[in-house]
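>>> here are the coordinates; sequence isn't available:
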Ligand SMILES: C[S@@+](CC[C@H](N)C(=O)[O-])C[C@H]1O[C@@H](n2cnc3c(N)ncnc32)[C@H](O)[C@@H]1O
């Protein structure tokens, strides 16, 4: 796992509170795919420092469960939200083995799935844990955007990519997987989940004041993709 989410967890938490990519693009675009969450049982997979946890608590969800591979991130969430959240370390490549069948109304998984090599287990587990009528919303790198960093030149090959990101103001090495849209949608539908919405997101107008260049980039280019999928039957 990248040091971005371990050694630099506190710095990362500060930056994503009000930056363009997370606060003014990713979160509003994911939240736009959620129905009313009040009173719902929610799981946040790959919760990071808890930006979504804060929002779910404000919306008065019933039970909130947060999981992340990073011990540092889970500690941040526990420290901030205490008994309002059940938080534990879990590698979601193995799904959600500690969660009961048919127990969640909503599962979110923002900006995590590109760190998972094989998506089959995670979607099967989401299907098992969701109540019938429940749904998952996730965001991940847009396959068309990531194709720019393909080494093979074959869009349909899954590839491990290594980059340095300046998210926290200094370059930090990050590894992720780029894959085709077909690979993502096949993993969803073969789990039994049904895709009900696909969005490419919309950057908030307020981003213009922070950086006109980034705002224009996100207005004109695909960057993340946002997918809602539902459990229509057991
Ligand atoms: C870009 S951050 C997103 C955090 C949060 N979802 C948000 O949108 O604010 C990615 C998070 O995924 C977590 N992560 C990476 N690989 C994971 C895995 N295999 N299982 C669970 N969490 C993982 C990282 O520790 C990090 O907290």
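Arrived safely. Worth saying up front: this structure is predicted, and the values here are computed from it rather than measured. Numbers count the residues shown, from 1 in each chain.

>>> all contacts plus neighbour counts: C-alpha atoms, from now on.
Fine.

>>> just checking, residue 197 touches residue 230?
No: in this structure residue 197 lies outside contact range of residue 230 using C-alpha atoms under 8 Å: 9.5 Å.

>>> these two: who's more crowded?
A count of neighbours by other C-alpha atoms under 10 Å puts residue 230 above the other of residue 197 and residue 230, at 24 against 12.

>>> which ones are touching that one?
Going by C-alpha atoms under 8 Å, 6 or more residues apart in numbering, residue 230 touches 133-136, 193-196.

>>> rerun at 10 Å
Contacts here follow C-alpha atoms under 10 Å, 6 or more residues apart in numbering; on that basis residue 230 touches 106, 126-127, 130-137, 188-189, 192-197.

>>> may I have the beta-bridge partners of the residue most central in space within the chain?
A centroid search over the chain (C-alpha atoms, centre = their mean) returns residue 110, at 1.3 Å, as the residue closest to the centre. Going by DSSP bridges, residue 110 is paired in beta bridges with residue 139.

>>> state the number of residues packed around the closest residue to residue 30 other than its chain neighbours.
Nearest residue to residue 30 in three dimensions, chain neighbours excluded: residue 226, at 6.4 Å (C-alpha to C-alpha, 6 or more residues apart in numbering). If you count neighbours by other C-alpha under 10 Å, residue 226 ends up with 23.

>>> quick one: is the helix or strand hosting residue 226 near the ligand?
With elements taken from DSSP states H and E, the one containing residue 226 is strand 224-230. No: remark: strand 224-230 sits outside contact range of the ligand, by C-alpha under 6 Å from any ligand atom, the gap being at least 11.6 Å.

>>> verify the stated contact: residue 61 with residue 40.
Yes: judged on C-alpha atoms under 10 Å, residue 61 makes contact with residue 40 at a distance of 5.0 Å.

>>> hmm, back to that, in its sheet, which strands sit next to the strand holding residue 226, and in what direction?
strand 130-141 (antiparallel), strand 194-199 (antiparallel).

>>> overlap of the contact sets of residue 197 and residue 230?
Taking C-alpha under 10 Å, 6+ apart as the criterion, residue 197 and residue 230 both touch residue 137.

>>> residues making contact with stretch 79-90?
With contacts defined as C-alpha under 10 Å, 6+ apart, stretch 79-90 is touched by 43-47, 49-50, 53-54, 56-57, 61-78, 96-98.

>>> quick one: mean pLDDT over it.
Average pLDDT, stretch 79-90: 98.
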